[in-house]
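Q: Structure here, sequence nowhere to be found:
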């Protein structure tokens, strides 16, 4: 049997290849409640003709649907150089988890941008510049790789995540047919790898946070 046949057999035995565009991002910002009572958003939807009673309910699934890009974070082991008898060797002493950047499609009600602005405002009061307690401004973010049946096959949970950078939004006459996107960089305490069952359970708990 040729090498390519061995590879095909292995891929088939492992359930196929994971695809980049099959993913979920699930979280509930600490500043978000079940009901959307923002009068400016309601008014904007009304005058644009897009108002619906459904817009008064914040559905956690909206975030997942609008997320157009994400990454499973990497992890680096930091080392110190130690001079042994004959050569220098490296000694591990800590780990560094990479920040995660999420990309979102922007709708005409600017839902994601408004939500992120509110989240930032819950971290630092932009009038007084007083910083809130961290535990009141963070949430867990679940990032899942899913298969063709939308079943999680691997996931990570970002513990105590919060936005540290919200990208600028470019406007210009030359971008007539371009779709607006927002990039948000998230920092967090650490990430925890999760299997299919634990990642599904984490996603359910995150969705229920909006009722809490």
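A: Nice, I can see it. The structure displayed is predicted, hence computed values, not measured ones.

Q: And residue 114, how far from residue 182?
A: 11 Å (C-beta to C-beta, to the nearest Å). Yep, even glycine has a C-beta here, placed from its N, CA and C like the rest.

Q: higher neighbour count, those two?
A: Between residue 114 and residue 182, counted using other C-beta atoms under 10 Å, residue 182 has the larger neighbour count: 20 against 15.

Q: So in terms of bridging, what pairs with that one?
A: Beta-bridge partners for residue 182, by DSSP bridges, are residue 104.

Q: And it, how close does it get to residue 105?
A: Residue 182 is 8 Å from residue 105, by C-beta to C-beta.

Q: Would you state the strands of this protein in chain order?
A: Assigned strands in the chain, in chain order: 23-26, 67-69, 75-83, 88-97, 100-105, 139-146, 152-166, 181-187, 190-194 (criterion: DSSP state E).

Q: Out of these, which is the most enclosed?
A: strand 139-146 (a mean of 23; mean count of other C-beta atoms under 10 Å).

Q: Mind listing residues that contact it?
A: Residues from elsewhere that reach strand 139-146, judged by C-beta atoms under 8 Å, 6 or more residues apart in numbering: 18, 22-30, 70-72, 100, 152-162, 186, 188, 194, 199, 202-203, 206, 209.

Q: what's the distance between the closest residue to residue 145 other than its chain neighbours and residue 93?
A: Nearest non-adjacent residue to residue 145, counting by C-beta to C-beta, 6 or more residues apart in numbering: residue 154, 4.6 Å away. For residue 154, the distance to residue 93 equals 28 Å [C-beta to C-beta].

Q: related to what we said a few turns ago, okay, and the common contacts of residue 182 and residue 105?
A: Common neighbours of residue 182 and residue 105 (criterion: C-beta under 8 Å, 6+ apart): residue 112.

Q: The strands of the chain: which one's closest to residue 123?
A: Closest approach to residue 123 among the strands of the chain (C-beta to C-beta): strand 152-166, 6.1 Å.

Q: I am finished for the moment; much appreciated.
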